[in-house]
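**Student:** sequence and predicted structure, then a few things I'm wondering about:
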Amino acid sequence: MTEILRAFIRIFLLCLAINAMRNIGLCLLHADGLVNISAITALIVFSETQSFAVSVFAAALVTLAINTSFIYLTKKKGASDIVYGIAMNLILRGLSGLMLYLYAGDFAMSSSVKIDFSVNIFGVDIFIVLGLLLSLIYYIFLYKTKSGLELRAVGLDEKKALFRKIDIGRANFTANLFASVFAALVGSFLSLSYFSYFTENISQNMGFISLALEGFSAIHPVLTPIASLVYAVFNYLAGSLQSLGFINYKLLDLIPYLVILFLLYCTKYRQKK
């Protein structure tokens, strides 16, 4: 159960990061890159300071700076968020590997960086507690406050939002802050707690599945956490079945994606009904 919860929280928080950017009309295609760069940042800072708070804060600052440039170039300079996202994803993944090499001299994996992370709240990993708490705060803000309503209005139609005198700059900053914190938490969680080391493509391309799972929120907000949990459960089951060896592992890897496709079909069908 704990392993499923750990798998769920990293997927779900990245879905929320993507959702935050979508609420200002942008697609966070560089989510994987953000996770990788925040993971190596948190690992290096924690290795030097042994401070959980400083490590996560440093990772959040890095992702905030990257997303600020993303918003500036796309909204102010007219760059395509799709093109920018793809390019930035590749750059950040390469940069995270370069940072590991410059810091430890390791290629692809931080074999020489030793950390001992064990921060729990009532026996529960602090990242899980923080993730669930922040996700609750985000949903309350988004659906129960005036500022959240204005933020969603910007994502639906920025010109109409501007006509209604909604502060676009504040909405952009709010979305950027939420997206950056969620992405930084995912990256820090992976390198400090989930794996306790950094490896090339530590995100395991979960940014793309998170993009798909976040799409469920367009049908109903509660469907994204449900879909994330379903994916985590079947991903865990697929991994467990691989140890038995009676089914090809490539086929088992398809199970979570097939389940999500089926869930999407069912929700679309119910929506039409």
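**Tutor:** Cool, got the structure.
**Student:** when you work out contacts or count neighbours from here on, use the C-alpha atoms and nothing else.
**Tutor:** Will do.
**Student:** who touches the one helix or strand residue 83 maps to?
**Tutor:** Assigned by DSSP states H and E, residue 83 belongs to helix 81-104. Contacts with helix 81-104, where a contact means CA atoms under 8 Å, 6 or more residues apart in numbering, come from 26-34, 36-37, 40, 44, 70, 74, 106-110, 112-113, 200-201.
**Student:** after the helix or strand residue 34 falls within comes which helix or strand?
**Tutor:** Residue 34 is part of helix 31-49 when elements are defined by DSSP H and E. Per DSSP H and E, the first helix or strand lying C-terminal to helix 31-49 is helix 52-71.
**Student:** and the contacts of helix 81-104, which of them are buried?
**Tutor:** Listed as buried from the contacts of helix 81-104 are 26-34, 36-37, 40, 44, 70, 74, 106, 108-110, 113, 200-201; burial here means 16 or more other CA atoms under 10 Å.
**Student:** ok now do residue 183, which residues does it touch?
**Tutor:** 13, 14, 17, 31, 34, 35, 38, 60, 63.
**Student:** may I have stretch 154-166 as PDB, with CA atoms only?
**Tutor:** Provided in PDB are the C-alpha atoms of stretch 154-166 (Å, rounded to 0.1, in the frame of the first residue of the first chain):
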ATOM      1  CA  VAL A 154      -7.600  33.400 -17.700                       C
ATOM      2  CA  GLY A 155      -7.100  29.800 -19.000                       C
ATOM      3  CA  LEU A 156     -10.500  29.700 -20.700                       C
ATOM      4  CA  ASP A 157     -10.200  33.100 -22.500                       C
ATOM      5  CA  GLU A 158      -7.400  35.500 -21.600                       C
ATOM      6  CA  LYS A 159      -8.900  38.300 -23.800                       C
ATOM      7  CA  LYS A 160     -12.300  38.100 -22.000                       C
ATOM      8  CA  ALA A 161     -10.500  37.900 -18.700                       C
ATOM      9  CA  LEU A 162      -8.600  41.100 -19.500                       C
ATOM     10  CA  PHE A 163     -11.800  42.800 -20.600                       C
ATOM     11  CA  ARG A 164     -13.300  42.000 -17.200                       C
ATOM     12  CA  LYS A 165     -10.200  43.600 -15.600                       C
ATOM     13  CA  ILE A 166      -8.800  40.400 -14.100                       C
END
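**Student:** for the protein, which segments count as helices?
**Tutor:** Along the chain, counting by DSSP state H, helices occupy 2-22, 31-49, 52-71, 81-104, 126-144, 146-156, 158-163, 168-188, 206-214, 223-242, 249-272.
**Student:** where in this protein is pLDDT low?
**Tutor:** Within the chain, the segments meeting pLDDT under 70 span 1, 243-250, 268-273.
**Student:** closest to the centroid, which residue in it?
**Tutor:** residue 14 (1.9 Å; CA atoms, centre = their mean).
**Student:** what's the separation between that one and residue 208?
**Tutor:** From residue 14 across to residue 208, the span is 10 Å (CA to CA, to the nearest Å).
**Student:** again with residue 264
**Tutor:** 16 Å.
**Student:** got it, and residue 125?
**Tutor:** Residue 125 is 25 Å from residue 208, by CA to CA.
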